[in-house]
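Asker: Provided below for reference: sequence and predicted model.
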Amino acid sequence: MAKKRAPLIGTCELCGGQFSKAAMSRHLSKCVSQESVPSSSGRRRKLRDVFHLRVEGRYLTEFWLHVEIAAESEFAALDHFLRAIWLECCGHCSAFRFPEPAAARAAKKGRSLEALFADFDMDAMIRKEQEIMDSPLGSRVKVGDVFDYEYDFGSTTELRLKVLSRRDGIMKRNEVRLLARNLPPEILCQCGQPAEWVCGNCSWELEGWLCKKCGKRHPCGDEMFLPVVNSPRVGVCAYCGPEA
C-alpha cells in the first residue's frame, strides 16, 4: 500500500477529542469512567460485565477501533457490528480464531500435511464455528486475551482483537458501542496527491492507488476501481464502505 501519514490519530466518540493510537486506550479509561450513568426512570437497571475491546487490522494496523460490549453478548453480535462498520461486501463467511492450546499444538507437531488433511472434518469445523458465534464472549475470553477474526475465506480480511478491560455498565445484551475510531490514513497516489480510488487489478501488487486525475489515465479502466475507504478491507473484493 502507498505511504501513510504518521502518527496514527483517532477520534473519541464520547468527547470528540483526538488522540494518538497509543494514547487512546489511556484516554478512554478515564473518559468512560467520567460518563454519567443513564437515568433509570425510577426502575432499577441491570448492571452487566462490560468488555472494552481494541480491534485493528492484523496487518493493516493503521485501521483500528475501540468498542464496548457486554460479556454475556454473543460473538455473533460482534461479528454483525464488524461487518457493518468495516467489512460487509458480498455476504462472505466469517469466524473468530483463538490461540490453540499448547497440547493441541504439540499433537500436531511433526505430523505431515497429508496426515493433517486426512483428519480434517469440514462439517465439524462448521459446527464449531457456529457454536462460537452462539456463545457469549465471557465464556471464551477475559481481560488481557488476544484473539483473531477472519472475514471472507477467499480474499480474507484479518483482524486482531484484545480485551483491554472490564467494568460494571448498563448495556443491552448484544449491543456494541463504538468508543473510538482511527481517522482515515492518508494514502497517496504515485503523483503525491491523495488517492481517491484503488484499482482492484493492481492492488495485489501493492500498486494502483490513484487520484482522480491519474485514474483517468489508468490502463485497467475505471470498471476495476474501488473507492478508498477507512477500512482494512479497502481495495478488496467489492468493498465500497459501510452502507448508509
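Answerer: Right, received. Where do you want to start?

Asker: Out of the helices and strands in this structure, which is least certain?
Answerer: Within the chain, no helix or strand scores below helix 102-108, which has a mean of 57 by mean pLDDT, DSSP states H and E.

Asker: The helix or strand where residue 28 lies: what's the following helix or strand?
Answerer: Assigning secondary structure by DSSP states H and E places residue 28 in helix 21-33. Remark: after helix 21-33, the chain's next helix or strand is strand 48-57, criterion DSSP H and E.

Asker: remind me which residues of this protein are low pLDDT?
Answerer: 1-7, 35-45, 101-111, 115-122, 205-206, 244 (pLDDT under 70).

Asker: ok so, going back, packing partners of the helix holding residue 28?
Answerer: Applying 3 or more CB pairs under 8 Å, 6 or more residues apart in numbering; DSSP states H and E, one finds that helix 21-33 contacts strand 9-12, strand 48-57, strand 64-70, strand 157-169, strand 176-182. In short, each C-beta sits where N, CA and C put it, glycine included.

Asker: Which positions within it qualify as buried?
Answerer: 21, 24, 25, 27, 28, 31, 32 (16 or more other CB atoms under 10 Å).

Asker: same question, stretch 225-233
Answerer: Applying 16+ other CB under 10 Å to stretch 225-233 flags 225, 226, 228, 229, 230, 231, 232, 233 as buried.

Asker: and residue 159, how many residues sit next to it?
Answerer: 26 (other CB atoms under 10 Å).

Asker: Not counting sequence-adjacent ones, nearest residue to it?
Answerer: Closest residue to residue 159 in three dimensions, ignoring its sequence neighbours and counting by CB to CB, 6 or more residues apart in numbering: residue 149, at 4.3 Å.

Asker: Would you quantify the distance from the one you found to residue 57?
Answerer: 10 Å (CB to CB, to the nearest Å).

Asker: try residue 94
Answerer: 15 Å.

Asker: ok, these two, which is more surrounded?
Answerer: Taking other CB under 10 Å, residue 94 and residue 57 do not tie; residue 94 has more neighbours (22 against 19).

Asker: of all the buried residues of helix 21-33, which comes closest to residue 201?
Answerer: Closest approach to residue 201 among the buried residues of helix 21-33 (CB to CB): residue 21, at 31.3 Å.

Asker: The residue nearest to residue 159: what's it in contact with?
Answerer: Residues near residue 149 by CB atoms under 8 Å, 6 or more residues apart in numbering: 55, 79, 82, 94, 95, 96, 97, 158, 159, 160, 161.

Asker: out of the helices and strands packed on helix 21-33, nearest to residue 220?
Answerer: Judging these by CB to CB, what sits closest to residue 220 is strand 157-169, at 22.0 Å.

Asker: Who are the packing partners of the closest one?
Answerer: Looks like strand 157-169 contacts helix 21-33, strand 48-57, strand 64-70, strand 146-151 (3+ CB pairs under 8 Å, 6+ apart).

Asker: For the contacts of residue 149, give me a markdown table that also has distance to residue 195.
Answerer: Formatted as a markdown table, those follow (distance: CB to CB, whole Å):
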| residue | distance to residue 195 |
| --- | --- |
| 55 | 24 |
| 79 | 30 |
| 82 | 24 |
| 94 | 27 |
| 95 | 31 |
| 96 | 32 |
| 97 | 31 |
| 158 | 22 |
| 159 | 23 |
| 160 | 25 |
| 161 | 28 |
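
Asker: Which among those residues count as buried?
Answerer: 55, 79, 82, 94, 95, 96, 159, 160, 161.

Asker: which among the buried residues of stretch 225-233 gets closest to residue 89?
Answerer: Out of the buried residues of stretch 225-233, the member with the shortest distance to residue 89 (by CB to CB) is residue 233, at 7.1 Å.

Asker: Quick check: the closest one is in a strand.
Answerer: No: the assignment for residue 233 by DSSP: H, G, I helix; E, B strand; the rest coil gives coil, which leaves it out of any strand.
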